[in-house]
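Colleague: Sequence plus predicted model, see below.
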Amino acid sequence: MSPNASPVSLTRYLIEDQREGRIGPDLRLLIEVVARACKSISIAVGKGALGGVLGDAGEGTASINVQGEAQKKLDVLSNEILLEANAWGGHLAALASEEMDHCVVVPDEYPRGKYLLLFDPLDGSSNIDVNISVGTIFSVLRCPDDVAQVGDEHFLQPGTAQVAAGYCTYGPSTMLVLTIGNGTHAFTLDREIGSFVMTTRGMTIPEETKEFAVNMSNQRFWEPPMQQYVGDLLAGKEGPRGKDFNMRWVASMVADVHRILTRGGIFSYPLDAKCAGKGGKLRLMYEANPMAFLVEQAGGAASTGRQRMLDVTPTGLHQRVPVFLGSRREVEAAVGYHQAHDAVRATSGNVKAVTEA
Ligand code: AHG
Ligand code: MN
Ligand code: MN
């Protein structure tokens, strides 16, 4: 943003979107409420040890969530902040979260709205105790019409059905990155006035990159095409890719994706032998899909390695998927390795079938 331009607050951006017919008042309220909750989470995160919010939520199995993962105090607190903020506004029918087994329907005492909200209240929470960036990810779907009792099944819509998605990153500055299907825009929290102010209109991910993000410690557990893809990246200038690559891994998806939206790169959490039985590590509905929507809206691509992420038909609220997203050409390259591998496997399968017949 040029220093002389008049600042566009999130509220003003949303009002202008409403005036131009891109969103209705309910969706505008929903996004404002999520942004307000993110400000509260930002304050809690920012207090660190002084707020008594670091560490695990409970002893032993008391703090294990539906994912089988130990909850941090801030996972629980962030979930509660988002639930409380969104319960009474009349904009939602139900909410679902990484930290809850099933969706929560808006209580009867409040009017029921037409949207469904999914969120990862605190992403990268293993990083909280070491003061590294964490974030909140959210996805908004329309509640199907004529549903008497909203349940988990109504959330199982493909990513293409999202009407809005975003994340808030709690780093050196707190930033909200949002799409309503009209580009991806970044807002920075002005802590003095307590308001998100637009700092990048229309983020664009460079098509090409020399930077990749992956947890290399899983290398030996990957599938052959992933082994080969990363092997070729590591071979650098002398290898088939003909250029040297750099690597970054924050282990907070929000922070890694934010870097990619800002300067390009490819993020991947592929299938590996440890998570193959679960379908992957990252969750489709409140991690992969909202990030895929944001990345596509910024000119990038997002895939499972075998299918466009936003086209995946969900089968469960907490379903996991392999993830490749970021600079378009690089994602296509990674997908190419999977396609080539699958094609060879299919051919050798056919040859085997013919020989055995
Ligand atoms: P969450 O904290 O919401 O469970 O998500 C953590 C995710 C994601 O943010 C990150 O990219 C990944 O887990 C890190 O996994 P590794 O620890 O296996 O690197
Ligand atoms: Mn997460
Ligand atoms: Mn989380």
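Modeller: Cool, got the structure. Ligands and ions are numbered 1, 2, ... in the order given.

Colleague: so how far is Glu99 from the nearest residue to His102 once chain neighbours are set aside?
Modeller: Nearest non-adjacent residue to His102, counting by Cβ to Cβ, 6 or more residues apart in numbering: Asp152, 5.5 Å away. Where you see a C-beta, it was placed from the backbone N, CA and C, and this is true even at glycine. Asp152 is 15 Å from Glu99, where distance means Cβ to Cβ, to the nearest Å.

Colleague: Next up, the contacts around the residue nearest to His102.
Modeller: Residues in contact with Asp152, defined by Cβ atoms under 8 Å, 6 or more residues apart in numbering, are 96, 102-103, 316-317.

Colleague: ditto for Asn86
Modeller: Contacts of Asn86 by Cβ under 8 Å, 6+ apart are 30, 33-34, 37, 92, 95, 117.

Colleague: Using CSV, write out every CA atom in stretch 199-218.
Modeller: Presented in CSV, the C-alpha positions along stretch 199-218 are these (Å, rounded to 0.1, in the frame of the first residue of the first chain):
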residue,chain,number,x,y,z
THR,A,199,-2.0,-4.2,2.8
THR,A,200,-2.1,-6.3,-0.4
ARG,A,201,-5.0,-6.2,-2.9
GLY,A,202,-4.9,-9.2,-5.2
MET,A,203,-2.0,-11.4,-4.0
THR,A,204,-0.3,-13.2,-6.9
ILE,A,205,1.9,-16.3,-6.6
PRO,A,206,4.7,-16.4,-9.1
GLU,A,207,4.2,-19.3,-11.5
GLU,A,208,7.8,-20.6,-11.2
THR,A,209,9.8,-21.1,-8.0
LYS,A,210,13.1,-22.3,-6.6
GLU,A,211,11.8,-22.9,-3.1
PHE,A,212,10.0,-26.0,-1.7
ALA,A,213,8.6,-26.7,1.7
VAL,A,214,8.3,-30.3,3.0
ASN,A,215,9.2,-32.2,6.2
MET,A,216,12.3,-33.9,4.9
SER,A,217,12.5,-36.2,7.9
ASN,A,218,9.7,-38.2,6.3
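
Colleague: quick one: is it near ligand 1?
Modeller: Yes - Stretch 199-218 reaches ligand 1 (Cβ under 6 Å from any ligand atom) through Asn215.

Colleague: same check, this time on stretch 239-247
Modeller: No - counting by Cβ under 6 Å from any ligand atom, ligand 1 is not contacted by stretch 239-247; separation bottoms out at 12.8 Å.

Colleague: Only the buried residues of stretch 153-163, if you could.
Modeller: Under the neighbour-count criterion of 16 or more other Cβ atoms under 10 Å, stretch 153-163 has 154-159, 161-163 buried.

Colleague: List, out of those, those positioned next to ligand 2.
Modeller: Counting by Cβ under 5 Å from the ion, nothing from these sits close to ligand 2.

Colleague: before we move on, back to that, tabulate the contacts of Asp152 (JSON lines), appending distance to Leu14 and pLDDT.
Modeller: Converted to JSON lines, those look like this (distance: Cβ to Cβ, whole Å; pLDDT from 0 to 100):
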{"residue": "Ala96", "distance to Leu14": "23", "pLDDT": "98"}
{"residue": "His102", "distance to Leu14": "30", "pLDDT": "97"}
{"residue": "Cys103", "distance to Leu14": "25", "pLDDT": "97"}
{"residue": "Gly316", "distance to Leu14": "32", "pLDDT": "97"}
{"residue": "Leu317", "distance to Leu14": "28", "pLDDT": "98"}
